[in-house]
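1. structure, please.
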Amino acid sequence: MDAQLKILDIHEVPLVCRACDARHSGICSTLTPLQLTELNKHSQRRAVEAGTELIGQGQQVHSYSNILRGVIKLSKIMADGRQQIVGLQFAPDFMGRPFLGESLMAAEAATDAELCVLPRKILERMISESSELGSRLHNQALTELDEARDWMLTLGRKSAREKVASLLVLVAAHADPDRLGACAFELPLSRADIADFLGLTIETVSRQMTKLRKDGLIHIENNRQVYVPDLDKLAVTAGGD
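-> I've put the predicted structure just below:
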């Protein structure tokens with residue numbers, strides 16, 4: 001009987017949601033088929049090119065997004081125009097801060113990306129009605145806090161070599177989280193953005209990438225395509241346990 005109900009539930013889930021990573025491992029995994037159907041009526045798929053600003057710092061928030069594909073760059077901008085990359089978001093992350101009227105940071109597509117855009121009012125009502133959804137968003141916020149603390153250690157205590165290796169491990173872990181050993185991915189950031197994110201100069205980033213390549217820890221093609229023959233070795237180089 002339970003198996004029959006499960007099959008019925010699967011068929012009640014909107015077709016576009018069934019193969020979506022956000023449905024299985026993102027915030028939508030907490031929603032019932034009925035809630036998914038309602039949200040699907042108001043959501044919109046949006047493809048964006050690399051470099052597209054999704055929201056500016058201080059702008060009013062009208063919607064949130066599930067990241068379906070690609071990488072999003074988060075930045076803080078100072079009053080004099082200086083800016084700092086403060087984070088990266090990957091699929092199937094949820095992008096936005098519910099119940100906050102304006103964005104505290106700028107968000108830009110670091111790569112070509114695809115988003116599922118969710119109206120603010122609809123989602124915030126669902127959060128109020130669903131303790132599971134609220135709990136999932138709370139857990140994501142705590143995970144992001146833990147990651148921010150880890151990154152503070154990277155920026156404050158690690159060497160330039162460890163910093164660059166840490167970024168590569170971060171991207172690799174999100175590019176193919178189930179892959180063990182070797183992996184390949186495209187760098188979502190330019191050398192200038194990597195330098196900004198890590199608090200290094202562009203020249204230092206380039207030197208450290210070259211050293212990692214010469215040591216056989218990575219292979220690079222066309223400046224962006226990276227192959228890691230042994231992710232565990234790279235993680236050790238990054239200062240991991």
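
2. this structure: strands as residue ranges?
-> Secondary structure of the chain (DSSP state E): strands at 44-48, 53-55, 63-69, 71-77, 83-90, 94-95, 106-109, 113-119, 183-186, 219-221, 225-228.

3. and these as a markdown table, adding mean neighbour count, mean pLDDT and distance to Glu129?
-> All C-beta spots, glycine's among them, are computed from the backbone N, C-alpha and C. Shown next, in a markdown table, are the strands of the chain (neighbours: other C-beta atoms under 10 Å; pLDDT from 0 to 100; distance: least, C-beta to C-beta, whole Å):
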| stretch | mean neighbour count | mean pLDDT | distance to Glu129 |
| --- | --- | --- | --- |
| strand 44-48 | 14 | 95 | 22 |
| strand 53-55 | 18 | 97 | 25 |
| strand 63-69 | 21 | 95 | 16 |
| strand 71-77 | 20 | 96 | 27 |
| strand 83-90 | 17 | 93 | 26 |
| strand 94-95 | 20 | 94 | 17 |
| strand 106-109 | 21 | 97 | 27 |
| strand 113-119 | 21 | 95 | 15 |
| strand 183-186 | 16 | 92 | 38 |
| strand 219-221 | 12 | 94 | 49 |
| strand 225-228 | 18 | 95 | 43 |
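
4. using CSV, write down the CA coordinates of stretch 164-179.
-> In CSV, the C-alpha atoms belonging to stretch 164-179 read as follows (Å, rounded to 0.1, in the frame of the first residue of the first chain):
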residue,chain,number,x,y,z
VAL,A,164,44.7,28.2,-4.3
ALA,A,165,44.5,24.5,-3.7
SER,A,166,41.6,25.1,-1.3
LEU,A,167,39.6,27.0,-4.0
LEU,A,168,40.2,24.2,-6.4
VAL,A,169,39.0,21.6,-3.9
LEU,A,170,35.9,23.7,-3.2
VAL,A,171,35.0,23.9,-6.8
ALA,A,172,35.8,20.2,-7.4
ALA,A,173,33.6,19.2,-4.5
HIS,A,174,30.6,21.0,-5.9
ALA,A,175,31.3,20.1,-9.6
ASP,A,176,31.0,16.4,-8.9
PRO,A,177,30.2,15.7,-5.2
ASP,A,178,29.9,11.9,-5.7
ARG,A,179,33.2,11.5,-7.6
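
5. can I get the strands of the chain in JSON lines including distance to Glu147?
-> Formatted as JSON lines, those follow (distance: least, C-beta to C-beta, whole Å):
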{"stretch": "strand 44-48", "distance to Glu147": "24"}
{"stretch": "strand 53-55", "distance to Glu147": "20"}
{"stretch": "strand 63-69", "distance to Glu147": "15"}
{"stretch": "strand 71-77", "distance to Glu147": "12"}
{"stretch": "strand 83-90", "distance to Glu147": "8"}
{"stretch": "strand 94-95", "distance to Glu147": "14"}
{"stretch": "strand 106-109", "distance to Glu147": "17"}
{"stretch": "strand 113-119", "distance to Glu147": "20"}
{"stretch": "strand 183-186", "distance to Glu147": "18"}
{"stretch": "strand 219-221", "distance to Glu147": "25"}
{"stretch": "strand 225-228", "distance to Glu147": "20"}
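
6. list the contacts of stretch 74-94.
-> Residues outside stretch 74-94 that contact it (C-beta atoms under 8 Å, 6 or more residues apart in numbering): 20-22, 25-27, 57, 64-73, 95, 104-108, 110, 137, 140, 144, 147-148, 151, 170-171, 174-175, 188-189, 193, 196-197.

7. redo that, cut-off 7 Å
-> 21-22, 25-27, 57, 64, 66-73, 95, 105-108, 110, 137, 140, 174, 188, 193, 196-197 (C-beta atoms under 7 Å, 6 or more residues apart in numbering).

8. now swap in stretch 138-156 and tell me
-> Contacts of stretch 138-156 (C-beta under 7 Å, 6+ apart): 94, 163, 166, 198-199.
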